[in-house]
Every structure is written in C-alpha cells, then in structure tokens.
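J.: With the input below, show me the fold.
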Amino acid sequence: MRDIRAQRQTQARIEQRNAKLELQVCRRTAELQGILSSAASAIIGTDIAGRITSFDPARRAAAAYD
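T.: Predicted coordinates:
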C-alpha cells in the first residue's frame, strides 16, 4: 500500500488557501462595489484595447448601458 498522507495534507493546505483567497476576493469585490455605487464622479473601466468593461451604476443608468 502507498502512503498518501502527505498528499492529503498538501491538498488540505491548498483547499484552506483557496478558501482564504475566495474570502479576500469577496471582501475586495464588495469594497469596490461600494466605491463604485457611491462615486460622485464618473468611473468607467476599460480594458487594454480601450473597450468599456465597467461603469459605475449612476453612469450606467444615465447612458442606458448594459
């Protein structure tokens, strides 16, 4: 029989780190959504090609952009 305890421990550590990262992403996403929703100025995100990737909610409504 092959001992797979080390492999299981490694997998458990990976799962713990993934869970921690997911939590960090959720918190950061909520923080950024709060900033976007309360911005006094227009915030428009673009990708490297200049295509619009995100709008703050007020500008999205004003531009009827979805």
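
J.: can you pull out the helices in the protein?
T.: Assigned by DSSP state H, the chain shows helices spanning 5-38, 57-63.

J.: Could you tell me the least trusted of the ones you listed?
T.: Mean pLDDT values for those show the minimum at helix 57-63, a mean of 66.

J.: Please identify the deepest-packed of the helices of the chain.
T.: Here the criterion is mean neighbour count by mean count of other Cβ atoms under 10 Å, and of the helices of the chain the winner is helix 57-63, at a mean of 13. Where C-beta positions appear, they are placed from N, C-alpha and C, glycine not excepted.

J.: Distance to Ile48 for the helices of the chain - can I get that in TSV?
T.: Listed next are the helices of the chain as TSV, based on distance: least, Cβ to Cβ, whole Å:
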stretch	distance to Ile48
helix 5-38	19
helix 57-63	21
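
J.: now for those, which one comes closest to Thr46?
T.: helix 57-63 (13.1 Å; Cβ to Cβ).

J.: For Arg17, see how far away Lys29 is.
T.: For the record, residue 29 is Thr, not Lys. 18 Å (Cβ to Cβ, to the nearest Å).
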